[in-house]
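Q: sequence and predicted structure are below.
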Amino acid sequence: MTKRRPFTLRRMAQIALMAVVLSICAWITVPFTVPFTMQTFAVFAALLLLGGVDGTIAIGLYLLLGLVGLPVFSGFRGGLGHLIGPTGGYLIGFLCTGMAHILLQNCMERLRTPLRIALLMAEHCLCYLFGTLWFVAVFHSRGTHYGFFAALGLCVLPYVLPDLVKIALAELVSRRVRPLLPR
């Protein structure tokens, strides 16, 4: 049986702060061939800095803020419509990533940085999978049939390399910052 940490004011503040960081990073758009946000960086920074449980709670809080209509998603959008839209599954998929991180975080401590980054990217593949299935289902419900592989080509492949860079950056930043955080 694992020992549970008490839910202190410090923990709550760290979780809330990471939800704010997630919001800010969602608003940062990097122009590229396919524009992308820094959201993935923030998701993995939350998981790596706070740990799997608190990082996943921060992701859930971020999604809850967006669900109630606060403009925390990319493009300063929010609300239920954005979450249940075609790309909302990628946002909800961040929770899948967090849950995978909870399961895998103990074995990560023993890995070298390149293997840690590869494992973090594998966790992110759950987000890709959930989001792509969601995308296909939403379009199917609207009478437009998108194949799974066509959706992967449109919604995932252009983002794999930028996401890998953001995950590596989150790993490197968290390695430097985590020892400075109060426990």
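A: Yep, that arrived. Residues are numbered from 1 along each chain as shown.
Q: please make it C-alpha for all contacts and neighbour counts, starting now.
A: OK.
Q: where does this structure have its least confident helix or strand?
A: Ranking every helix and strand in the chain by mean pLDDT, DSSP states H and E puts strand 29-30 at the bottom, with a mean of 86.
Q: that one pairs with which strands?
A: Strand 29-30 pairs in its sheet with strand 36-37 (antiparallel), by DSSP bridges.
Q: quick one: mean pLDDT over the partner strand.
A: Per-residue pLDDT over strand 36-37 has a mean of 90.
Q: now do the least confident helix or strand of the chain: everything it contacts.
A: Contacting residues not belonging to strand 29-30 are listed as P35, F36, T37, M38, S74 [CA atoms under 8 Å, 6 or more residues apart in numbering].
Q: now the buried members of the residues you listed.
A: The neighbour-count test (16 or more other CA atoms under 10 Å) marks F36, T37, M38, S74 as buried among those.
Q: can you tell me the closest non-neighbouring residue to the third one?
A: Read that as M38. Excluding its sequence neighbours, the residue lying closest to M38 (CA to CA, 6 or more residues apart in numbering) is C25, at 4.8 Å.
Q: the second one now?
A: Beyond its immediate neighbours in the sequence, the residue positioned closest to T37 (CA to CA, 6+ apart) is T29, lying 4.4 Å away.
Q: where's that neighbour relative to S74, distance?
A: 8 Å (CA to CA, to the nearest Å).
Q: shared neighbours, those two?
A: Between them, T29 and S74 share the contacting residues T37, judged by CA under 8 Å, 6+ apart.
Q: list the buried residues in the helix or strand the residue nearest to M38 falls within.
A: C25 is part of helix 9-27 when elements are defined by DSSP states H and E. Buried residues in helix 9-27, counted by 16+ other CA under 10 Å: 11, 14-16, 18-27.
Q: so which of those comes closest to G85?
A: A26 (16.7 Å; CA to CA).
Q: and that closest one, what's its pLDDT?
A: pLDDT, read off for A26, is 95.
Q: so, low pLDDT: which residues of the chain?
A: Scanning the chain with the threshold set as pLDDT under 70 gives 1-3, 33-34.
Q: scan it for its longest helix.
A: The longest helix of the chain (DSSP state H) is helix 113-141.
Q: next one: the nearest residue to T56 once chain neighbours are set aside from M121, what distance?
A: In space, T56 comes closest to G98 once its chain neighbours are excluded; the distance is 4.9 Å by CA to CA, 6+ apart. Applying CA to CA, the value for G98 to M121 is 12 Å.
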